[in-house]
Structures are given as C-alpha cells and as structure tokens.
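Chemist: Predicted model and sequence follow; I will ask about them next.
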Amino acid sequence: MNRKRFLQLTGLTGLVWNTKSFADTQAVNKPVVISTWAPNVKANKAAWDILSKGGAALDAVEAGVMIPEADPTDNSVGYGGLPDRDGKVTLDACIMNHLGQCGSVLYLEHIMHPIKVARLVMEQTPHVQLAGDGALKFALSKGFKKQNLLTPQSEKAWKQWLKTSQYDPNRSVKELEEKIKREQQKNEPWPVASLNHDTIGMLALDANGNLSGACTTSGMAFKMRGRIGDSPIIGAGLFVDNEVGAATATGLGEEIVKICGAHVIVEMMRNGTSPEDACKEAVRRVIKNNGDKTNTIQTGFIAINKKGEYGGYSVGNNFTMAIRHSQLETSVETKSWF
C-alpha cells in the first residue's frame, strides 16, 4: 500500500495535498546552498563547487562548513574558536542526509574538523551521537590527529576575559553592540562572533533534488565546562526531511533547544508554510518563552523547502544569510521580529 492510499483509507486526506506538493513539484533554483551569516559566502563557494558539478548535497555541506572550521580568524567555529572558561576549545557538530541518517559529535577537543567526525559517526557506527573523550577516541581511531586549536588571538582574548570572568549568556544585543564598538576602537581583541553565537549552519538541495544539512560551532565563548548548545542536537540546530525541506539555527542555543527549532520549522513547511514564515514561527516561540527577557537574546533560523524556496528570520536585527545558486551569489539580512 503506498503512502497516499494509506492516508486516504485512514481518513487523513487533508494531508495528501500538502505532502504531494513537496514530493512531486520540480525544484526551483536547484542546486542551491544557503548558510547562516554573510561571511559564509566563502563556505557556500566550496559547497557550490561540488553542487555545480552534479555532486551530492551531503558532500557539499560537509565541504562548505569545513571552510570556517579551518579558519583561524573565525573565533566561533573550529580552529580559532574561543575556549570555555578553562581555556579549552571544545567543538560541536552534526550532519544529516536525505535518507534521514544523521551523526553528531559533542564536546570534542583537539580535532579541527568535527563535521568529518560527525559524518563518520553517521556512516560507520550504530549511533547518532558521540561525546567528549569517546568522540575523541573514535576520531583518533579513524586516523585524525590531535591539534592545538587555541590560537594566540583566542588565548589572548580568554586571558583578557579572566580579568573579570563576567559570564552572561543573556547579554542584551544592545549592550553587546556597544561593548564591541568600544573594544574595536581600542584595537583590543574581543569575541565578537562567539558572543553573537556565530554558528555556521548550511543547507543544500542538489541537482537530484536531495537535501542535506550540516551545523558546526565552538559554542559560546567562555562557557561553563561541559556546556552543549543546539548545534549538535538533531531537531534543534538542524533537521532534514527529504520529502519536505530542511532548517538550521544559530544564536543562543539554549533557547533553540527548548523549542526544537529546526524540527518545528520543517513541520511547518510540511503543512504548506513558506520557509520564511516557518522560521518566523520558530522565532515567535522563542519570544513567547522569554517574555520581557526577549531583548537579551538573539536567535536566527534559515530554511529551504523541496522546491528550492528559501528564507530566514531572527529575533533581533543584523542576522544575515548567505545564498548561492546558478543565478545568484549574495548575502542578505533576514527579517526580524524586533
């Protein structure tokens, strides 16, 4: 019995049209890749090099996010990431393919490309998530080499932070922007990206109409030892359903986890909601959870559906999305609630 017939027989015919609309409609703009934050135009380029040659979305998103993972000037992802309060750089990443398979590493140290380890967890273990020393042991068993990920710049920023050890993950956007401006004027290092929780999440639709996604981060700057955000959590920081679409998130991970943000967005799209409006609904739920404290947080979401339509939305302004397809290579600021 096929799925459509099953839905008819069980009285759920109202779902048939919406499901069919995503499964049977030809993609617009495929292939296409989108990612969080304007600087990741360069990450999109690496993904596009694969997509434009007929490559798979999974290979594209892996290659794309590896660009910021290896960038020592990016202090929020991989090598160069700002450390936790103990001076340790710990990384989180997850990846998900068009078959619904996924892999994740949490709290991984000493490995520059956690996304590659996450993919191996997906493809070569019976598990979805590996954490901490177990994730490191697995990576080393697969030939990865331990590296020092704490760059001199990040170490200097950490030592500067230790002078006050002030830790407030709910720092208001306005206060943060003012602090950044003051520190930049003094030409002193300050963790601009990580305090904005500048994770890279990337989504791709390939020429065959298959979706995949990846998400990777060094997490919140100077976080408590052992803290994990949304980025390696399937359904929170990333979710892919090849019948419908895909979504990913950036921002204050705790708030994204509370609403299962990426999964919410994909389910909204399943019912016919546009990617932008689905992201807006996730933002609304974050705001509902926080009430008067909403101005102390920033979260942003991006999404793409099976037709190749994409969009994003954020709590506060200045959240950007990088876009690449055959007609366009650009970055845009998404709409925001405030």
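Modeler: Right, received. Where do you want to start?
Chemist: Output the below-cut-off pLDDT ranges for this structure.
Modeler: By pLDDT under 70, the low-scoring segments of the chain are 1-28, 168-197.
Chemist: where exactly do the helices run in it?
Modeler: Using DSSP state H, the helices of the chain run over 3-9, 16-23, 41-51, 57-69, 114-124, 132-141, 152-162, 173-185, 192-195, 253-259, 261-270, 275-290.
Chemist: Adding distance to Glu309 and mean neighbour count, write these out as TSV.
Modeler: (Glycine included, C-beta is placed from N, CA and C.) Listed next are the helices of the chain as TSV, based on distance: least, CB to CB, whole Å; neighbours: other CB atoms under 10 Å:
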stretch	distance to Glu309	mean neighbour count
helix 3-9	23	12
helix 16-23	10	15
helix 41-51	17	22
helix 57-69	16	27
helix 114-124	26	23
helix 132-141	35	17
helix 152-162	38	16
helix 173-185	29	13
helix 192-195	29	22
helix 253-259	22	22
helix 261-270	9	25
helix 275-290	6	21
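Chemist: Out of these, which is closest to Asp206?
Modeler: Asp206 lies closest, by CB to CB, to one member of the helices of the chain: helix 57-69, at 4.1 Å.
Chemist: Let me know the angle separating the closest one from helix 114-124.
Modeler: Angle between the axes of helix 57-69 and helix 114-124 is 150 degrees (criterion: axes from the mean of the first three to the mean of the last three CA atoms, to 10 degrees).
Chemist: Kindly export helix 57-69 (C-alpha atoms) in CSV.
Modeler: Provided in CSV are the C-alpha atoms of helix 57-69 (Å, rounded to 0.1, in the frame of the first residue of the first chain):
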residue,chain,number,x,y,z
ALA,A,57,24.2,17.7,-1.2
LEU,A,58,25.8,15.8,1.7
ASP,A,59,29.3,16.2,0.2
ALA,A,60,28.6,19.8,-0.4
VAL,A,61,27.6,20.8,3.1
GLU,A,62,30.5,18.9,4.6
ALA,A,63,33.0,20.7,2.4
GLY,A,64,31.3,24.0,2.9
VAL,A,65,31.4,24.1,6.7
MET,A,66,35.0,22.9,6.7
ILE,A,67,36.0,26.3,5.4
PRO,A,68,35.2,28.2,8.7
GLU,A,69,36.3,25.2,10.7
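Chemist: still on that earlier bit, make a markdown table out of the helices of the chain and add distance to Lys223.
Modeler: Putting the helices of the chain into a markdown table (distance: least, CB to CB, whole Å) gives the following:
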| stretch | distance to Lys223 |
| --- | --- |
| helix 3-9 | 43 |
| helix 16-23 | 38 |
| helix 41-51 | 23 |
| helix 57-69 | 18 |
| helix 114-124 | 16 |
| helix 132-141 | 14 |
| helix 152-162 | 11 |
| helix 173-185 | 16 |
| helix 192-195 | 9 |
| helix 253-259 | 10 |
| helix 261-270 | 19 |
| helix 275-290 | 19 |
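Chemist: Out of the ones you listed, flag the one nearest Ser314.
Modeler: Taking CB to CB, helix 275-290 is the member of the helices of the chain nearest to Ser314, at 6.5 Å.
Chemist: could you check the angle helix 261-270 makes with that closest one?
Modeler: Counting by the same axes, to 10 degrees, helix 275-290 lies at 130 degrees to helix 261-270.
Chemist: elements contacting helix 275-290?
Modeler: strand 245-251, helix 253-259, helix 261-270, strand 299-305, strand 310-314, strand 335-336 (3 or more CB pairs under 8 Å, 6 or more residues apart in numbering; DSSP states H and E).
Chemist: Between these, which one is closest to Thr90.
Modeler: The nearest among the helices and strands packed on helix 275-290, by CB to CB, is helix 253-259 at 13.2 Å.
Chemist: which residues are contacting that closest one?
Modeler: Outside helix 253-259, the residues that touch it by CB atoms under 8 Å, 6 or more residues apart in numbering are 169, 197, 199, 219-220, 228-231, 233, 236-237, 249, 262, 282, 285-286, 289-290, 297, 299.
Chemist: Which residue, neighbours along the chain excluded, lies closest to the residue nearest to the spatial centre of the chain?
Modeler: Nearest to the geometric centre of the chain sits Gly201, at 2.6 Å (CA atoms, centre = their mean). Of all residues not flanking Gly201 in the chain, Thr248 sits nearest, at 2.9 Å (CB to CB, 6 or more residues apart in numbering).
Chemist: Contact partners for the one you found?
Modeler: Thr248 makes contact with 36, 201-203, 213, 215, 237-239, 262, 301-303 under the criterion CB under 8 Å, 6+ apart.
Chemist: for Asp241, same thing?
Modeler: Per CB under 8 Å, 6+ apart, neighbours of Asp241: 100, 211, 266, 270.
Chemist: again, but for Ser231
Modeler: 92-94, 199, 201, 215-217, 219, 237-238, 249, 253.
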